[in-house]
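Peer 1: here is a sequence together with a model predicted from it:
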Amino acid sequence: MQPTFVLVHGAFANSFSFAPLQAELGLLGHRSVAVDLPGHGFAATYKRAYQAPQDLEALATAPGAIKNVTLAQNATHLIGILERARQNGPVILVSHSRGGMTATVAANQRPDLIDHIVYVSAWCPVDLDVGAYYAEPEMATVDSKGLASAMIGNPAELGLLRSNFRTADSGILAAFKAAFLADGTDEEFMVFLNTFQPDENLDVGTPDDRAQAGTWGRIPRSYVRLTEDTSMPLAVQDRMIREGDALTPENPYDVRTLTSSHLKWLVDPAPAARVLGDIAALLPADS
C-alpha cells in the first residue's frame, strides 16, 4: 500500500510551511499530511498588540493559547494522527528541527505506528536533554544573542516563549536571516518569516523523552543533513546521528545530505521531495 508521509514542524512554525513540499510530493505521486501541533496553525494566538502599529508593552503580558502546553501533549496529538494514518497503510514520520523531539517521544511510545522515521536537521537527543546540547561545543557557532533579541516578555510569567517576528529592527532581521535562510533571497526570507507564529511552548522534556533503544530504536530511520544550517549546525546534526547509531548499532541511520540552510529545503522543496521519495522506496514490499 502507498505510504503516507506525516510531516511535523519545528518551533514557531506550523503546517503551512510544508505546503510547497506537499505539492512536490503530490506531483511525485506521494501522499502526505502536515501536522499542526497543539497551539499551532489556526489554534495559534495572534494578539492585536502584535499587529501594526505594535504595542510591545501589551504584547509582553498578553496571554497565549500555547501556555503550559507540554511535550507529552504534543506527542499524544501526533500519535492520534499516526493512528489514523496507519489505517490507510505504511507511515513515514518526517520531523524538522524542534519537531524531532515530538517525533522521538511518539516513536518511544508507539513504534508500531511508524514504518520509517526521518529527521531533517532535527533534534533526536540520546545522551543529553535538548537544553544541555546548547552548552556543547557543536552549538558554539549559533548566534543565540541575536535570536534572543527578538524575545518579548518573561517566559516564566507567560508560560511560553514569545518572539516578535514582525519587528522592523534591521539587526534582528539580519540575525534571523543568517540563522534560518542565509541562502535565500530577501523576499523569500520575509515571506517565510510571516508564516511564523509568535508563541512556542516551553517544555523540552526530560531524560525519559530521549530516544529509547527498545522502542524508538526498532524503527528504520533516516537523517537528512542540511549542510548550510547555522541554527542547528552540521556538527550537531552529525552528533545526533552518532548518538543514535551508538544506541542501536544494529539499526543505524540511513544518512542523506542536502545543500540547504534550516529553511531553504522548504522554500525550494524539489530536492527534498526526491530524497523522501527515495526513502519511501526503502520500505519492504509487504508493508
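Peer 2: Received the coordinates, thanks. Please read all numbers here as calculations on a predicted model, not as lab measurements. Numbering: from 1, shown residues only.

Peer 1: now the helices for the stretch 151-287 of the chain?
Peer 2: Using DSSP state H, counting those that start in this stretch, the helices of the stretch 151-287 of the chain run over 155-158, 170-180, 186-193, 234-247, 264-267, 270-280.

Peer 1: dump the ones you listed into CSV; add mean pLDDT, mean neighbour count and distance to residue 45 as well.
Peer 2: Yep, even glycine has a C-beta here, placed from its N, CA and C like the rest. Shown next, in CSV, are these (pLDDT from 0 to 100; neighbours: other CB atoms under 10 Å; distance: least, CB to CB, whole Å):
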stretch, mean pLDDT, mean neighbour count, distance to residue 45
helix 155-158, 95, 12, 11
helix 170-180, 95, 17, 20
helix 186-193, 97, 15, 18
helix 234-247, 98, 18, 30
helix 264-267, 98, 22, 23
helix 270-280, 98, 19, 30
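
Peer 1: could you dump those helices into JSON lines and include distance to residue 224?
Peer 2: JSON lines is the format used below for those (distance: least, CB to CB, whole Å):
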{"stretch": "helix 155-158", "distance to residue 224": "30"}
{"stretch": "helix 170-180", "distance to residue 224": "17"}
{"stretch": "helix 186-193", "distance to residue 224": "19"}
{"stretch": "helix 234-247", "distance to residue 224": "9"}
{"stretch": "helix 264-267", "distance to residue 224": "8"}
{"stretch": "helix 270-280", "distance to residue 224": "6"}
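
Peer 1: look through this structure and tell me its longest helix.
Peer 2: Identified as the longest helix of the chain according to DSSP state H is helix 71-86.

Peer 1: could you say what helices and strands that helix packs with?
Peer 2: Here helix 71-86 touches strand 4-8, strand 31-35, strand 91-97, helix 99-109, going by 3 or more CB pairs under 8 Å, 6 or more residues apart in numbering; DSSP states H and E.

Peer 1: gap between that helix and the chain center?
Peer 2: 15 Å (CA atoms, centre = their mean, to the nearest Å).

Peer 1: buried residues, it. List them.
Peer 2: 71-75, 77-79, 81-82, 85-86 (16 or more other CB atoms under 10 Å).
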